[in-house]
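Asker: Structure of the sequence below:
(chains A, B and C)
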Amino acid sequence: MSGRVFPAFYDVVRRIPAGKVATYGQIARLAGMPRCARLVGYAMAACQDPAVPCHRVVDRFGGTKAAFDTFAPGTQRALLEAEGVDFRLDGTVDLEHCLWSPQT
DNA sequence: CCGATGACCAAAC
DNA sequence: TGTTTGGCCATCG
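Answerer: A predicted model of the protein is given here:
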């Protein structure tokens, strides 16, 4: 079961500062697998590690995927709002304003 | 044990 | 220019 890349994803997600969000593609890219965004989503789905702020991970459109099973519906958005993340009227994260940059 | 799918994104045709 | 397939690892049935 030795995960090969999941730990790498967790490491990247852990780097995300509060008040910021990252996309699956970015994390996958930083992990060295630009085409493994799917794995990132699955890794977050299996986020058994509390040190991994999977709630700071959103899709490329900023959709927080409220229909998420890991947390109660709407919990993810509440966590992000609590961290200072701005949300749009449609309930998506303002990536233009809160998208995390790999350098910071 | 094996097959299929999955919180996705990007390149190719 | 838009639409479709590909790709990767782990977990579920």
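Asker: What residues of the helix or strand harbouring residue A:13 count as buried?
Answerer: Per DSSP states H and E: residue A:13 is located in helix A:6-15. Within helix A:6-15, the residues scored as buried using 16 or more other CB atoms under 10 Å are A:6, A:8-10, A:12-13. From N, CA and C alone the C-beta is placed, and that goes for glycine too.
Asker: got the contact list for residue A:95?
Answerer: By CB atoms under 8 Å, 6 or more residues apart in numbering, the residues touching residue A:95 are A:21, A:23, A:58, A:61-62.
Asker: circling back to that earlier point, put the alpha carbons of the helix holding residue A:13 into CSV.
Answerer: In CSV, the C-alpha atoms belonging to helix A:6-15 read as follows (Å, rounded to 0.1, in the frame of the first residue of the first chain):
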residue,chain,number,x,y,z
PHE,A,6,-0.1,10.6,-2.5
PRO,A,7,2.4,11.8,0.2
ALA,A,8,3.7,14.3,-2.3
PHE,A,9,0.2,15.7,-2.8
TYR,A,10,-0.3,15.9,0.9
ASP,A,11,3.0,17.7,1.3
VAL,A,12,1.9,20.3,-1.3
VAL,A,13,-1.5,20.7,0.1
ARG,A,14,0.0,21.2,3.6
ARG,A,15,2.0,24.2,2.1
